[in-house]
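**Student:** Coordinates only, no sequence provided:
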DNA sequence: TTGAAAGCGCTAACAT
DNA sequence: ATGTTAGCGCTTTCAA
């Protein structure tokens, strides 16, 4: 391994001069600079980032951490795409952490990495861990998760729910069912809240709620159970994947009911499925730009609410 | 920021002892160890990874670099999902680099990061950069790219092409067209080569080749041009996105022709589109496990060929 | 079992 | 413009 010491010796100069040359600092004679650079190149020199960081007491500043849940839905993928796209524009890199079983471990690891910032996507980080992160005075941005004293981007799930309800109601549905995810989530709660509120405003109520493990097959089965009970003519699904299963059942049984999904997955437009579109890519993009740019002085505004829209299947 | 020095002072011990306690080394009295650990905890101590690395002269060993093209197709996304899934199993993290315009810059950056290994996805890294990487004796694995003196996973595109041809031929197509990507790629060349070979084995030949910028709309237009010319009853598309555009045109015009895509995108099964399925997720997963596990001593076998299969639309 | 001290490779402040 | 030196926080001898 070549060090600046080797270069200094080979070029017959001092360590400081080498450092200056390598870092493109001004106070150095062009010809010595060139000589040093040539030697460095010939020796195959590569700076040791760890040493550099240590000496500067600084941060890597070009790498930003992204904490992801270990299972990625298409929705998170869109977010990730947005982040990736932003970072490729501004020449940052991301370090992706899997928030799996050992949260403590991961958080400790993150704190050690000297990152310029962190984006936490949807993951359920404990408040304890959070304050650790904050103590490291790392810039943190939350996506799809609402944190009180932090910068967070949040999709308006209540709006999404109420739009879904409006869609079904205005389509003339009378008996409406919901098929959701059996896991707990703030997102689902909010959507349902918005959905119910809008429904009751229209003088209607939810006739059936079924919660399943997300999967086309279980969705198919759930659809069978829900639709056989009779009279259901409108279904709101927690996500498009569930909706696909439902659609398939409806197609096979020639049942016609209005159905609306959530996420607006790429497939949906081709399948003619109406769906609530979340600005996932944008959220990723904006979030990424935000961590990358913010300084402690002018902290960006917390709580950015992103609206959703309904995409009508053709 | 708390350092081991602070801890040493607070606990009334030497630096070495603190280090030993923190690293769980054996030669230390349990009670001093506990005392130190308590102090460290109270002081909110976090080890400085840079300093550690520097002192040990070691590698981060828990982080693996992933070089991605800056534009991500769904196919690459599947690969990424596979990588992510593997890494969450074995508790590694990935550092994602965008291989954008400034290849040299990125490669330099990578070399500096002290990574345990690197996965290069599909990207066109120059041989020069490659040898730099090799000189750093970093483990490198290529995905969807064939490199001679490196470990590389490669999908059998020739097989894919020939399977597509078989599909169309056995469906009784007589006049066959190809709609491809206007960009250059080894992948496309291989697919076409396989396709042509199989076609000629069946005594047929390609009647029309059209190359477009990938996009549903241009695909739609291309389909119009290709299918209007008359008699075409089989179309092979470079990817499913192109196929969607073609299908839409066919549907609108009530034209019936056999069509086969590539990638087996999630939407395709719902749309009833037959497609060549590439084991993208598996490739990511296997590749990730490979970089993570290999040691210079028993280098894993280079050139892993992954087969494809045709997924028939229902 | 523990403390002291010598670096790891680099930067930055201080001399020259 | 350039050389010298003192650390950055940590690990690891080497003594004690």
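**Tutor:** Nice, thanks for sending it over. What you are looking at is a predicted structure, and each value in this text was computed from that prediction instead of being measured. Residues are numbered from 1 along each chain as shown, chains lettered A, B, ... in the order given.
**Student:** switch to C-alpha atoms for all contacts and neighbour counts from now on
**Tutor:** Will do.
**Student:** Name the next helix or strand downstream of the helix or strand of chain A with the lowest mean pLDDT, please.
**Tutor:** Least confident element among the helices and strands of chain A, by mean pLDDT, DSSP states H and E: helix A:103-112 (a mean of 62). Later in the chain than helix A:103-112, the nearest helix or strand by DSSP states H and E is strand A:117-121.
**Student:** Can you pull out the residues in contact with that following strand?
**Tutor:** A:61, A:63-69, A:76, A:138-145, A:287-288, A:291-292 (CA atoms under 8 Å, 6 or more residues apart in numbering or on different chains).
**Student:** Now do the same contact list for residue A:152.
**Tutor:** A:141-146, A:302-304 are the contacts of residue A:152 under CA under 8 Å, 6+ apart.
**Student:** Top of these by number of neighbours, please.
**Tutor:** Neighbour tally across these (other CA atoms under 10 Å in any protein chain shown): the maximum, 27 neighbours, falls on residue A:143.
**Student:** which residue ranges form the strands in the stretch 101-250 of chain A?
**Tutor:** A:117-121, A:140-143, A:151-155, A:176-181, A:206-212, A:234-237 (DSSP state E, counting those that start in this stretch).
**Student:** rewinding a little: narrow the contacts of strand A:117-121 to those that are buried.
**Tutor:** A:63-69, A:76, A:138-145, A:287-288, A:291-292 (16 or more other CA atoms under 10 Å in any protein chain shown).
**Student:** Inside helices: which ones of these?
**Tutor:** Among the buried ones among the contacts of strand A:117-121, the residues falling in helices (DSSP state H) are A:76, A:287-288, A:291-292.
**Student:** out of those residues, who's nearest residue B:264?
**Tutor:** residue A:76 (20.4 Å; CA to CA).
**Student:** In JSON lines: the strands of the stretch 101-250 of chain A, plus distance to residue A:38 and mean pLDDT.
**Tutor:** Formatted as JSON lines, the strands of the stretch 101-250 of chain A follow (distance: least, CA to CA, whole Å; pLDDT from 0 to 100):
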{"stretch": "strand A:117-121", "distance to residue A:38": "35", "mean pLDDT": "86"}
{"stretch": "strand A:140-143", "distance to residue A:38": "41", "mean pLDDT": "88"}
{"stretch": "strand A:151-155", "distance to residue A:38": "46", "mean pLDDT": "89"}
{"stretch": "strand A:176-181", "distance to residue A:38": "62", "mean pLDDT": "96"}
{"stretch": "strand A:206-212", "distance to residue A:38": "65", "mean pLDDT": "95"}
{"stretch": "strand A:234-237", "distance to residue A:38": "64", "mean pLDDT": "97"}
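**Student:** out of those strands, nearest to DNA strand D?
**Tutor:** Closest to DNA strand D of the strands of the stretch 101-250 of chain A is strand A:117-121 (CA to the nearest atom of the strand; 19.1 Å).
**Student:** can you list the residues of chain A near DNA strand D?
**Tutor:** A:12-17, A:26-30, A:32-33, A:51, A:54-57 (CA under 7 Å from any atom of the strand).
**Student:** Next one: residue A:7, what pLDDT does it get?
**Tutor:** For residue A:7, the model assigns a pLDDT of 90.
**Student:** tell me which element the nearest residue to it once chain neighbours are set aside falls in.
**Tutor:** Spatially, and ignoring its direct neighbours in sequence, residue A:7 is nearest to residue A:40 (6.0 Å; CA to CA, 6 or more residues apart in numbering or on different chains). Secondary structure from DSSP H and E places residue A:40 in helix A:30-42.
**Student:** Past that helix, which element shows up next along the chain?
**Tutor:** helix A:49-56.
**Student:** for that next one, which positions count as buried?
**Tutor:** Quick answer for helix A:49-56 (16+ other CA under 10 Å): A:49-54.
**Student:** Ok, stretch A:36-46 next?
**Tutor:** Buried-residue list, stretch A:36-46, by 16+ other CA under 10 Å: A:36-37, A:39-40, A:45-46.
**Student:** average pLDDT across that stretch?
**Tutor:** The model assigns stretch A:36-46 a mean pLDDT of 87.
**Student:** chain center to that stretch, what's the gap?
**Tutor:** 41 Å (CA atoms, centre = their mean, to the nearest Å).
**Student:** Let me know whether it sits next to DNA strand C.
**Tutor:** Yes - counting by CA under 7 Å from any atom of the strand, DNA strand C is contacted by stretch A:36-46 at residue A:46.
**Student:** Show me which residues of the stretch 51-200 of chain A sit near DNA strand C.
**Tutor:** Counting by CA under 7 Å from any atom of the strand, the stretch 51-200 of chain A comes close to DNA strand C at A:51-56.
**Student:** how about a cut-off of 6 Å?
**Tutor:** A:51-52, A:54-56 (CA under 6 Å from any atom of the strand).
**Student:** Assign a three-state SS to residue A:27, would you?
**Tutor:** Classification of residue A:27 using DSSP: H, G, I helix; E, B strand; the rest coil returns coil.
**Student:** Find the residue closest to it in space, skipping its chain neighbours.
**Tutor:** residue A:20 (7.6 Å).
**Student:** Quick check: which element contains the one you found?
**Tutor:** Using DSSP H and E, residue A:20 falls in helix A:15-22.
**Student:** now for that helix, which elements pack on it?
**Tutor:** Under the contact definition 3 or more CA pairs under 8 Å, 6 or more residues apart in numbering or on different chains; DSSP states H and E, helix A:15-22 sits against helix A:4-11, helix A:30-42.
**Student:** ok, and does that helix reach over to DNA strand C?
**Tutor:** Yes - Helix A:15-22 reaches DNA strand C (CA under 6 Å from any atom of the strand) through A:15-16, A:19.
**Student:** tilt between that helix and helix A:30-42?
**Tutor:** 90 degrees (axes from the mean of the first three to the mean of the last three CA atoms, to 10 degrees).
**Student:** still on that earlier bit, could I get the ones in helices among the buried ones among the contacts of strand A:117-121 as a markdown table with pLDDT?
**Tutor:** Shown next, in a markdown table, are those (pLDDT from 0 to 100):
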| residue | pLDDT |
| --- | --- |
| A:76 | 85 |
| A:287 | 94 |
| A:288 | 93 |
| A:291 | 88 |
| A:292 | 84 |
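**Student:** which phi and psi does residue A:276 have?
**Tutor:** phi -80, psi 120 (degrees, to the nearest 10).
**Student:** That one reaches residue A:307, doesn't it?
**Tutor:** No - counting by CA atoms under 8 Å, residue A:276 stays clear of residue A:307, with 10.3 Å between them.
**Student:** who has more neighbours, the two?
**Tutor:** residue A:276 (27 against 15).
**Student:** ok, the more buried one - contacts?
**Tutor:** By CA under 8 Å, 6+ apart, the neighbours of residue A:276 are A:160, A:163-164, A:260-264, A:308-311.
**Student:** and the gap between it and residue B:140?
**Tutor:** 42 Å (CA to CA, to the nearest Å).
**Student:** which bits of the stretch 151-300 of chain A sit near chain B?
**Tutor:** A:244, A:266-268, A:270-271 (CA under 8 Å from any CA of the partner chain).
**Student:** Weed out the non-buried ones from the residues of chain A next to DNA strand D.
**Tutor:** So, by 16+ other CA under 10 Å, the buried ones in the residues of chain A next to DNA strand D are A:15, A:17, A:33, A:51, A:54.
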